[in-house]
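Novice: Just a sequence and a predicted model for now, questions to come.
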Amino acid sequence: MRAAYPRDTPDQQRVATVARVSTATVSRVFNSPHRVGEARRNRVLQAAKELGYTPNKFASALARKATGRVLFLDCNKLAAHDRVNQAYYAGLYKMSLEAVLGAVESSTYHLTIDLNGSAKPGDYDGIILFDVDSPEQVAPFLSSGIPTVYGHHLGGFSKGLRAGVDNKGGSVLAAQYLLDRGHRGIAYLTGRVPELNSHKDRLEGFVIRLEEANLGCTILQTPVGPRGGARGVQSLEKKLRAGSITAIGVMNDLTAFGAVQELLRLGIRIPEDVEVVGFDNLPILDLLPVRIPTVDLSLDEVYSRAAKKLLSSLESQGEQEELLVLPRLIRPNSNPGDPK
């Protein structure tokens, strides 16, 4: 039976009593959690939850002589490379932000969100950069001396603390799915490979897996988006009708959306005649009359790990590390949270 406690505001002493630790340990759990063993840390967090204890973040910041704030900055990569379609990716931003917020809420830091790049690095103890575009974009933050972590497509990035999607590994999953389904005539629609390292990595991983299976791949360069997907299918129509191509991998879901629409318009059945696999797990796929497999970026895990690593690095600066998270293949009859 749980002990009864007065209803006044709980403090560190009461948390320490319930968790059977010292008040210093309680303080470390909320200020430097990596310095406390997992068992004791879990006891403190459970006791704090039961008592409704919330650390005073401003007081903790003053004690550390710090600002007590972590910045989440959107680097607006889509505005630079795919402004027309950027609204379709809002769900990925929301998922990533929620993951960061979940990690920061349980710490002694407040999270500030910057959508237009007006924030000054020196006003924050740590910085999380969402969807960076180039090493030049990251350089000022890394040279500022403020602990910074950035993500999530990391081809070409080699400095600082970074967390990203294993795009090559994800496209290997997509290719393997088609191989397991018995396909041997496979095409791949890609585009803007020089500008987008994610597209480069996805193409490379897809082709490598097919080469390992002693198969070639018909590669088409198309515009990114629904029109590009439709155009790619039109270019493949003869081979599709002849049955020499029975599956199509696509660089992202927006392009796959157009490919599926065009296939259906041509009277080509999915998946009976042709299978299509996309990348990103965007909600737009729910608008299609048939469900296709897609690769989920696992951005919730990417940015949760990024935020936790940043919070840890605030106590031990100077780390350079890359955290890569393998995406999840979402099959047509599964949900994003289902096992692989």
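Specialist: Yep, that arrived.
Novice: from the chain's centre, how far out does the strand or helix carrying residue 30 sit?
Specialist: Here residue 30 is covered by helix 23-31, with elements defined by DSSP states H and E. Here helix 23-31 is found 30 Å from its chain centre; the criterion is C-alpha atoms, centre = their mean, to the nearest Å.
Novice: any idea of the mean pLDDT in that helix?
Specialist: The average pLDDT for helix 23-31 rounds to 76.
Novice: Ok, stretch 286-300 next?
Specialist: Mean predicted confidence for stretch 286-300 is 97.
Novice: Show me the strands in this protein, by range?
Specialist: Counting by DSSP state E, the segments of the chain that form strands are 69-74, 110-114, 126-130, 148-150, 161-165, 186-190, 218-221, 247-250, 275-279, 294-296, 321-325, 328-330.
Novice: deepest of those, which one?
Specialist: Of these, the one with the most neighbours on average (mean count of other C-beta atoms under 10 Å) is strand 247-250, at a mean of 28. Just so you know, the C-beta spots here come from the backbone N, C-alpha and C atoms, and that holds for glycine as well.
Novice: Parallel or antiparallel, which strands does it pair with?
Specialist: Partners of strand 247-250 in the sheet, by DSSP bridges, are strand 186-190 (parallel), strand 275-279 (parallel).
Novice: Turn those into JSON lines, including mean pLDDT.
Specialist: JSON lines is the format used below for the strands paired with strand 247-250 (pLDDT from 0 to 100):
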{"stretch": "strand 186-190", "mean pLDDT": "98"}
{"stretch": "strand 275-279", "mean pLDDT": "98"}
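Novice: Using TSV, lay out those strands together with distance to residue 247.
Specialist: As requested, the strands paired with strand 247-250 are exported to TSV (distance: least, C-beta to C-beta, whole Å):
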stretch	distance to residue 247
strand 186-190	5
strand 275-279	5
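Novice: Can you say which of those strands is nearest to residue 12?
Specialist: Ranking the strands paired with strand 247-250 by proximity to residue 12 (C-beta to C-beta) places strand 275-279 first, at 47.2 Å.
Novice: got a list of contacts for the closest one?
Specialist: 170-171, 174, 177-178, 181, 183, 202, 246-253, 255-257, 259-260, 263, 270, 285, 292-295 (C-beta atoms under 8 Å, 6 or more residues apart in numbering).
Novice: need the strands of the chain in TSV with distance to residue 29, can you?
Specialist: Below are the strands of the chain laid out as TSV (distance: least, C-beta to C-beta, whole Å):
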stretch	distance to residue 29
strand 69-74	18
strand 110-114	18
strand 126-130	18
strand 148-150	22
strand 161-165	23
strand 186-190	47
strand 218-221	52
strand 247-250	46
strand 275-279	39
strand 294-296	32
strand 321-325	23
strand 328-330	31
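Novice: List the contacts of residue 177.
Specialist: With contact taken as C-beta under 8 Å, 6+ apart, residue 177 is in contact with 277, 293, 329, 331.
Novice: what do you get if the cut-off is 6 Å, keeping everything else the same?
Specialist: 293, 329 (C-beta atoms under 6 Å, 6 or more residues apart in numbering).
Novice: now swap in the one 4 residues further on and tell me
Specialist: Taking C-beta under 6 Å, 6+ apart as the criterion, residue 181 is in contact with no other residue.
Novice: Show the pLDDT at the residue nearest to residue 140 when sequence neighbours are not counted.
Specialist: Distance criterion C-beta to C-beta, 6 or more residues apart in numbering; nearest residue to residue 140, sequence neighbours excluded, is residue 121 at 7.6 Å. If you check residue 121, the pLDDT there is 83.
Novice: quick revisit: for residue 301, which of the strands paired with strand 247-250 is the nearest?
Specialist: Nearest to residue 301 among these is strand 275-279 (16.6 Å), distances taken as C-beta to C-beta.
Novice: distance of the closest residue to residue 167 other than its chain neighbours from residue 76?
Specialist: Of all residues not flanking residue 167 in the chain, residue 201 sits nearest, at 3.7 Å (C-beta to C-beta, 6+ apart). Remark: distance between residue 201 and residue 76 (C-beta to C-beta, to the nearest Å) = 21 Å.
Novice: Give me the more crowded residue out of those two.
Specialist: residue 201 (23 against 18; other C-beta atoms under 10 Å).
Novice: Hmm, residue 125 is touching residue 67, no?
Specialist: Yes: using C-beta atoms under 6 Å, residue 125 makes contact with residue 67 at a distance of 5.3 Å.
Novice: Show me this structure divided up by domain.
Specialist: Using automatic domain parsing, the domain parsing of the chain gives 69-166+298-327, 167-296.
Novice: mind putting those in TSV, distance to residue 40 included?
Specialist: Converted to TSV, the domains of the chain look like this (distance: least, C-beta to C-beta, whole Å):
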stretch	distance to residue 40
domain 69-166+298-327	16
domain 167-296	35
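Novice: Select from these the stretch with the lowest mean pLDDT.
Specialist: The minimum mean pLDDT among those belongs to domain 69-166+298-327 (a mean of 89).
Novice: Now do residue 242: how many residues are near it, please.
Specialist: Residue 242 is flanked by 9 other residues according to other C-beta under 10 Å.
Novice: ignore the last one, residue 16
Specialist: Each residue near residue 16 was counted by other C-beta under 10 Å, and the total is 19.
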